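J.: mind looking at a prediction? Sequence and model below.
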Amino acid sequence: MHGLDLASPHIAAHLRTALRLIHFGGLVLGFGGALFLDLLLSRYRRSPLTAELVGNVEWISRFVALGLALLWFSGVGFLLLYQATEPEKLLNPKIWAKVTIVSILTLNGIAIHRLVLPFLNQRIGSRLLDGITPGRKAALIGCGVVSAVSWTMPVILGAAPQLNFVVPCAIILAAYAAVMLQAFLIASYAMRAPKVRAESLLGEPSRHQAAR
């Protein structure tokens, strides 16, 4: 960008449009892919994992990673463009809240590729959550929650210009953490082990009657 005359409004406008398109493409790939993965694993959480299902998860994960890369590329591009043309925008707390959230999303993505995907391959033929420790179950749910919430927040922040230069970065991140905690509690409840079915309890009288 330093080789271009960013002081020219014409060039700056074209760069801004290009970066917005890249940014939007990254959000579509990342948010859409992450949401689909969460729904897919939630749908089959009580069914044995198959090699085809795990293969689909790995394939979609590549698009999520591509979306994250596009998000970083466009985000850094915006920062450099602002520095050259509108440095006052770098004082917007919302920008740094988004940088923090995308950084957390990146660390979570690394954890998913290094820990969660190999774990899914090991669970082929078994149910996702059967026989695992509470700590590992919480970690799996946590990775999914961080992914879903952290992809959603940039979309919300980008669609809310009213927050520009108004809400401090700490408040935005506190709200982000609160949503994360609530989502984790909801996901933990939804992914809990199924209770004993009523018919299994109704079987007791039948055995007593048989004994008579």
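T.: Nice, thanks for sending it over.

J.: C-alpha from now on. contacts and neighbour counts both.
T.: OK.

J.: burial of Ile156, as a residue count?
T.: 10 (other Cα atoms under 10 Å).

J.: looking at this protein, which helix or strand is least sure?
T.: helix 198-211 (a mean of 45; mean pLDDT, DSSP states H and E).

J.: the residue nearest the centre of the chain: which element?
T.: The residue lying closest to the centre of the chain (Cα atoms, centre = their mean) is Ser147, at 1.7 Å. Using DSSP states H and E, the element containing Ser147 is helix 134-158.

J.: helices and strands around the next helix or strand after that helix, which ones?
T.: Per DSSP H and E, the first helix or strand lying C-terminal to helix 134-158 is helix 169-190. Here helix 169-190 touches helix 93-111, helix 134-158, going by 3 or more Cα pairs under 8 Å, 6 or more residues apart in numbering; DSSP states H and E.

J.: swap the cut-off to 6 Å and go again
T.: On a contact count with 3 or more Cα pairs under 6 Å, 6 or more residues apart in numbering; DSSP states H and E, helix 169-190 meets helix 93-111.

J.: just the CA trace of the helix it packs on, in CSV.
T.: C-alpha atoms of helix 93-111 as CSV (Å, rounded to 0.1, in the frame of the first residue of the first chain):
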residue,chain,number,x,y,z
PRO,A,93,-12.6,1.4,20.6
LYS,A,94,-14.8,-0.9,18.5
ILE,A,95,-11.9,-1.6,16.1
TRP,A,96,-9.7,-2.9,18.9
ALA,A,97,-12.5,-5.0,20.4
LYS,A,98,-12.9,-6.7,17.0
VAL,A,99,-9.2,-7.3,16.8
THR,A,100,-9.3,-8.9,20.2
ILE,A,101,-12.2,-11.1,19.3
VAL,A,102,-10.6,-12.2,16.0
SER,A,103,-7.4,-13.0,17.9
ILE,A,104,-9.4,-15.2,20.3
LEU,A,105,-11.1,-16.8,17.3
THR,A,106,-7.7,-17.5,15.8
LEU,A,107,-6.4,-19.3,18.9
ASN,A,108,-9.7,-21.3,19.1
GLY,A,109,-9.2,-22.3,15.4
ILE,A,110,-5.7,-23.5,16.1
ALA,A,111,-7.1,-25.6,19.1
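
J.: which other helices and strands does it contact?
T.: helix 169-190.

J.: pLDDT wise, what is the residue nearest to the centre of the chain at?
T.: Looking at Ser147, its pLDDT reads 93.

J.: measure it to Leu35 for me?
T.: 8 Å (Cα to Cα, to the nearest Å).

J.: the helix or strand harbouring Leu39 vs helix 134-158, what angle?
T.: If you go by DSSP H and E, Leu39 is part of helix 9-43. Compare the direction of helix 9-43 with that of helix 134-158 by axes from the mean of the first three to the mean of the last three Cα atoms, to 10 degrees and you get 150 degrees.
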